[in-house]
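> got a predicted model here, sequence first, then my questions.
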Amino acid sequence: MSGKKSAAPKPDMTVKQFKETVIKHLRSTLGTYEEKASKQAWNQAIAASVNEFIFDGVSRTRKTHAGKDARAVHYLSLEFLMGRLMSNNLQNLGLYELADKAMKELGFELADILEEEPDMALGNGGLGRLAACFIDSMATLALPAIGYGIHYEHGLFRQEFFKGRQVERPDQWREFGSPWEICRPESEQVVKLYGYVETVYENGGSHKVWHPGRTMRAIPWDIPIVGYGGHNVNVLRLWESRADKFFDWDVFNSGGYVDAYTESVQAETVSKVLYPNDETDAGKELRLIQQYFFSAASIADVMRRFRNAHGNDFSKFTALNALQLNDTHPAIAIPELMRVLVDEEGISWAEAWKMTRETFSYTNHTLLPEALEKWPLRMIQHVLPRHMEIIFEINARFLKDEVETKWPGNDGIKRKLSIIEEANGQMVRMGNLSVVGSHAVNGVAQIHSDLVKKDLFPEMNELWPGKFLNVTNGITPRRWMKACNPRLSTLIEKHVDADWPRYLEKLTALKPLADDSKFQKEYMAVKHANKEDFVKVIKELTDVDVSADAIFDVQIKRLHEYKRQHLNLLYIMALYRRLLINPDYDMHPRVFIFGAKAAPGYYLAKEIIFAINKVAEKVNNDPRIKDKIKVVFLPNYRVSLAEKLIPAADVSQQISLAGKEASGTGNMKLALNGAITLGTLDGANIEIAEEAGEENVVIFGMDVDEVVETREQGYNPGHYYQNNEELKAVLDWLDSDFFTPGEPGLLSAVKHNLVDHDPYMVLADYQSYSDAQSKIDALYRDKKAWARAAIINTASLAKFNSDRSIQDYADTIWNLKPIKAAAK
Ligand SMILES: [N-]=[N+]=N[C@]1([C@H](N)O)O[C@H](CO)[C@@H](O)[C@H](O)[C@H]1O
């Protein structure tokens, strides 16, 4: 079976040639030389060498697509959580082994050089990382596609812990520039804001003219996105904001020295920093301006490319362009396209609306009410006066032509479906606007898509049967298996074709080996070696000593109450208590590993982080429990840290309250790398259990219907507190100063939230969770059964390849065909 044909074409380059190219760039591009160069310089020299292939790929792909006047998708996302690019680019070009050998011959470990690259953390969590996996898959599937976003100067904050509390530090990913981006000043756009709208009456008709109060420049930075195999190289275009005029001499000369700068400072703030909220609506004017800035610049870029090819014959526009809204963050692009088509191109409202609806599609990523974006009508009116007019018009026609027709005289439904919410001072509902303005709406996992139809937009679904679809999320196996788990990849390639990172379903060939003791040994040896590596990372980051023989129990995701990191904490405290009561309590040693950032303004999330760190401090230094439990909270969890941890994980904690986690994507990465999912029937956990088999995951807790039932019956967390001795004991422990010597009550916020409110039913699911954790302990100690289950997970989850997700989008929403770029 081994040595089957490999997918990634090996550029005809030898190790010697690669070395020469790197040294050439070290000298001629970076102006240094071998003896003197820093690791950072070597990193830049390798990047410059790799870019020779990449830039060629960009041109080949662009020429091919332009030559064929190709239909393309434009993926609008306020977030792209890219992580590091070097390793992925080397892998996708089939250059990794070559570069590794070359650097070894030059006296370096490639892995060390890769550490020099800062993460491109232009996203908060799942939604941002999904966008990054998706553009990797679009390029790998040779689909004509462009990602559009914001070129934030500062990405997601760096997290540090001070006395157990989260502290945010600014992210400086571009401190020394990035070798992976190209500035494209020739394609800059101008974006307008504020001002007023004039109605011009002429030739018996009238049209609208927007007189902006402020304009700013949008400068594009292109990041090449290399498809696996290096055939197609698409582009991620990120917009940087700059002032129209850098310095206002008139103001300066009239003594307004500082004011002369104001405009440029204000303009630059637009792309200055990513809003660090995951799942909450920021509601700030600057955030709205960010959303409009990149939407308008992107629409203008699409129009420029279209006009260059087709002048103002817009009959082909919808046939050649698909625009995907990654959540409602770019929803303002809908009235923006209408403004351009009607005001600038003079197309009739009806025709323009038809084109707009055909062009847009919208992905919903959450049901959490606080995450559904609503903008004060007054704010949109002030910042975007013409767009507010257009939204009024869209809404009026929608309510009259469609809602009234379906539900004549039903004001209740009109109020519910209206894009404008009359209550709380008139708000604009960006979710309703996105649904009304799109031809397709999808959720990100089957259960979530069903709930979007049933609970979020039931009437819209009735109005447009067939508009609401499901496209279950996925992850790119190139970054999340091939690149981050080379030991597993090598083992796999002994039994499966080398092109498995492209055709993940080939991993099913491992299923027959699940009970093969030799393969089980090899497979678990891979896991153990990965754990040994990560033991060093834990020591380096937290100074905690752990054993690779312990169970690595992992919960890595943003800190949010619905994800229930505090449920995990209660169980850790219960285990600790059992060991204090009976030091010989029979359990396999376990290391609980957390990685999670809390939004800076999210009080309880920060209290949960603090509580976990205080409990960790106590548990990790308590000799009475003989290292049977260790708790590790890794600071600054991010993509590059996930790439080190996921291959070393044994247990994947996916314990959200059923109905709250739309999909999850960490669950997919962990399971594909052989971690056993401990989860609720929520999001994609359900589909992971379906694909891997119920016996190869550990499910607990209420399902969605039971949650709804419990809520309808009136949920009383106090009941569980009073009737579960262990649960009561650990909750009361939080009130004491056991974990915060001399400061009793410092952790009480977490207890009171749970005992008094518990909005995410932690206490209701506690016992079922605790029992499931005992199942995990028993299963792990049955080495054959554990290895079998882990292997089955790796072999059975091809469905969660983001290539499959993107193929679903291409087939069911974008109607998009691949166009392979011409070779040389
Ligand atoms: N926003 N948002 N939503 C999320 C994540 N938090 O980013 O999108 C992710 C990507 O669709 C989902 O996997 C996750 O369940 C959902 O909560």
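Received it, and whenever you're ready, just let me know what you need.
> C-alpha only now, for contacts and for neighbours.
Fine.
> the ligand contacts on the stretch 251-400 of the chain?
278, 279, 365, 366 (Cα under 6 Å from any ligand atom).
> residues touching the first one, list them.
So that's residue 278. Neighbour list for residue 278: 124, 125, 558, 599 [criterion: Cα atoms under 8 Å, 6 or more residues apart in numbering].
> tell me the confidence at the first one?
You'll see residue 124 listed with a pLDDT of 98.
> how many neighbours does it have?
By other Cα atoms under 10 Å, 26 other residues sit near residue 124.
> of all the residues of the stretch 251-400 of the chain next to the ligand, the one with the weakest confidence?
residue 279 (74).
> list the residues that contact the closest residue to that one other than its chain neighbours.
Leaving aside its chain neighbours, residue 279 sits nearest to residue 371 (4.8 Å; criterion: Cα to Cα, 6 or more residues apart in numbering). By Cα under 8 Å, 6+ apart, residue 371 lies in contact with 279, 280, 281.
> pretty sure the second one sits in a helix.
No: under the criterion used here (DSSP: H, G, I helix; E, B strand; the rest coil), residue 280 is coil, not part of a helix.
> give me every residue in the stretch 601-750 of the chain lying close to the ligand.
Counting by Cα under 6 Å from any ligand atom, the stretch 601-750 of the chain sits next to the ligand at 661, 662, 663, 664, 665.
> am I right that the fourth one is in contact with residue 129?
What it means is residue 664. No: counting by Cα atoms under 8 Å, residue 129 is not a contact partner of residue 664; they are 10.8 Å apart.
> highest neighbour count among the residues of the stretch 251-400 of the chain next to the ligand?
residue 365 (25 neighbours).
> for that one, give me its contacts.
Residue 365 touches 127, 327, 443, 444, 662, counting by Cα under 8 Å, 6+ apart.
> swap in residue 475?
Residue 475 neighbours (Cα under 8 Å, 6+ apart): 130, 133, 134, 665, 668, 669, 800, 801, 802, 803.
> can you add neighbour count and pLDDT and give those back as TSV?
Shown next, in TSV, are those (neighbours: other Cα atoms under 10 Å; pLDDT from 0 to 100):
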residue	neighbour count	pLDDT
130	24	98
133	25	98
134	25	98
665	23	98
668	28	98
669	27	98
800	26	98
801	28	98
802	23	98
803	28	98
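> rewinding a little: residue 664 and residue 129: who's more crowded?
Of the pair residue 664 and residue 129, residue 664 is the one with more neighbours under other Cα under 10 Å, namely 26 against 22.
> need the pLDDT of the more buried one.
Residue 664 is assigned 98 on the pLDDT scale.
> isn't residue 473 up against residue 667?
No: taking contacts as Cα under 8 Å, residue 473 lies outside contact range of residue 667: 10.8 Å.
> which neighbours do those two share?
residue 684.
> who has more neighbours, those two?
Taking other Cα under 10 Å, residue 473 and residue 667 do not tie; residue 473 has more neighbours (29 against 25).
> just give the nearest non-adjacent residue to that one, would you?
Here the nearest residue to residue 473 in space, its sequence neighbours aside, is residue 444; by Cα to Cα, 6+ apart that works out to 5.3 Å.
> can you pull the contacts of that neighbour?
Taking Cα under 8 Å, 6+ apart, one finds 363, 364, 365, 470, 471, 472, 473, 662, 663 in contact with residue 444.
> okay, and the beta partners of residue 651?
Per DSSP bridges, residues listed as beta-bridge partners of residue 651: residue 553, residue 676.
> how about the secondary structure of the residue of the stretch 551-700 of the chain at minimum distance from the ligand?
Here the residue of the stretch 551-700 of the chain nearest the ligand is residue 664; by Cα to the nearest ligand atom that distance is 3.4 Å. In three-state terms, and counting by three-state DSSP, residue 664 is coil.
> same check, this time on the one 3 residues further on
Of the three states, residue 667 takes helix under three-state DSSP.
> please go through this structure and pick out the longest strand.
strand 214-226 (DSSP state E).
> in strands, which of the contacts of residue 365 fall?
Those of these lying in strands (DSSP E): residue 443.
> just the buried ones from the contacts of residue 365?
Burial by neighbour count, 16 or more other Cα atoms under 10 Å: within the contacts of residue 365 this picks out 127, 327, 443, 444, 662.
> tell me the confidence at the first one?
Reported pLDDT at residue 127 in the predicted model: 98.
> contact partners for it?
Residue 127 neighbours (Cα under 8 Å, 6+ apart): 79, 326, 365.
> could you do the third one as well?
Under the criterion of Cα under 8 Å, 6+ apart, the contact partners of residue 443 comprise 363, 364, 365, 449, 450, 452, 469, 470, 471, 472, 662.
> can you put those in JSON lines and add secondary structure?
Converted to JSON lines, the contacts of residue 443 look like this (three-state DSSP):
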{"residue": "363", "secondary structure": "strand"}
{"residue": "364", "secondary structure": "coil"}
{"residue": "365", "secondary structure": "coil"}
{"residue": "449", "secondary structure": "helix"}
{"residue": "450", "secondary structure": "helix"}
{"residue": "452", "secondary structure": "helix"}
{"residue": "469", "secondary structure": "strand"}
{"residue": "470", "secondary structure": "strand"}
{"residue": "471", "secondary structure": "coil"}
{"residue": "472", "secondary structure": "coil"}
{"residue": "662", "secondary structure": "coil"}
